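**Q** could you look at this predicted model? Sequence included:
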Amino acid sequence: MSDQSADLLDPYEKLINLEIIGKRVSVPEKNRLLRCFQYLSINTISYGDFCWNGDCTNCQIWYHLKGQDEQNDRPALSCRLECEEGMVITRLSRFIELEGITK
Ligand code: FES
């Protein structure tokens, strides 16, 4: 983790596993997904076009939970939704660019 992103995160004790577009990643528990994306890709998210408060919808994702499949996919705003162990994110808004995942 970079020192930059450490300041932005809510307190956490461990990392949890998620899948983003087929790639397994570890992110800090008890944080909203957009913060988790920022943890993974500090520059693209920090300088991305995001309001961080539920207004712009640029942070939209589609996801299902552990044990579900793509038929259960639902949309969510990643600046609002907390990460959860085993979550599977299947689609990202075009505004979300993640180093090593989408680029
Ligand atoms: S960042 Fe604007 S709605 Fe989530």
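**A** Received the coordinates, thanks. Numbering: from 1, shown residues only.

**Q** roughly how far apart are the nearest residue to E85 once chain neighbours are set aside and V88?
**A** Leaving aside its sequence neighbours, E85 sits nearest to I16 (Cβ to Cβ, 6 or more residues apart in numbering; 4.4 Å). For every residue, glycine as well, the C-beta is placed using N, CA and C. As for I16, its distance to V88 is 13 Å (criterion: Cβ to Cβ, to the nearest Å).

**Q** between these two, which has more neighbouring residues?
**A** When I16 and V88 are compared for neighbours, V88 comes out ahead with 21 against 18, by other Cβ atoms under 10 Å.

**Q** please report how far the nearest residue to the more buried one once chain neighbours are set aside lies from D49.
**A** Distances taken as Cβ to Cβ, 6+ apart place E19 nearest to V88, at 4.6 Å, with adjacent residues excluded. Taking Cβ to Cβ as the measure, E19 falls 25 Å from D49.

**Q** these two - which one has more neighbours?
**A** Under the criterion of other Cβ under 10 Å, the comparison of E19 against D49 puts E19 first, with 16 against 8.
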